[in-house]
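In: Structure here, sequence nowhere to be found:
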């Protein structure tokens, strides 16, 4: 059993982007000691978080889903954008560029001056309605330069903005919409 789980995990890891840090969740029979060890080895140094969930918790989750108390997401339902400036017909204009969801191609932006990137992030909840500002309290300043942006929808309701610098440094910024429409 441990070898089968390790082979499956290794195949999935090989398909993931090399820069992606991975979460591992094992449930039920796959959560036995030797299987857990084999799974850790298959993921290698790319493991960000590992969890073992007891089978009873899985049953609880199934019950909550069946009762409609929990919404199962098969796709990231929100649209995340970044407020950018472009020159159109000689005029400086603000445009919201959509940020793709991992593992799609990333949006590339160039910051001409230091920037708190979270202050320019916007979200449309359930991809509907107006753009909302994002709580920027946890954001840090990024120096001028080129950045690749994508949305990592895992582990939170709203996801995280993944910012990759020219140097290869990756910063994840939690996305938490504010409740008012952005300017």
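Out: Everything's here; your move. Keep in mind that what you see is a predicted model, and the values were worked out from it rather than measured.

In: which stretches of this protein have low pLDDT?
Out: 1, 16-21, 27-33, 49, 53-55, 57-58, 70-74, 136-139, 155, 179-183 (pLDDT under 70).

In: if we go to 90?
Out: 1-78, 82-90, 92-98, 100-106, 109-143, 152-163, 166, 168, 170-183 (pLDDT under 90).

In: the strands in it, which residues?
Out: Counting by DSSP state E, the segments of the chain that form strands are 22-27, 47-53, 79-88, 91-99, 107-111, 121-124, 132-134, 145-152, 160-165, 170-174, 177-181.

In: okay, the ones you listed in a markdown table with mean neighbour count and distance to residue 6 next?
Out: For the C-beta atoms, the positions are set from N, CA and C on the backbone; glycine is no exception. Listed next are the strands of the chain as a markdown table, based on neighbours: other C-beta atoms under 10 Å; distance: least, C-beta to C-beta, whole Å:
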| stretch | mean neighbour count | distance to residue 6 |
| --- | --- | --- |
| strand 22-27 | 15 | 11 |
| strand 47-53 | 14 | 13 |
| strand 79-88 | 16 | 35 |
| strand 91-99 | 13 | 34 |
| strand 107-111 | 14 | 35 |
| strand 121-124 | 23 | 38 |
| strand 132-134 | 21 | 39 |
| strand 145-152 | 19 | 25 |
| strand 160-165 | 20 | 27 |
| strand 170-174 | 17 | 26 |
| strand 177-181 | 12 | 39 |
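
In: what's the closest of the ones you listed to residue 69?
Out: strand 47-53 (17.7 Å; C-beta to C-beta).

In: Distance-wise, check the spatially most central residue of the chain relative to residue 42.
Out: Nearest residue to the geometric centre of the chain (C-alpha atoms, centre = their mean): residue 152, 1.1 Å. Going from residue 152 to residue 42 by C-beta to C-beta, to the nearest Å gives 21 Å.
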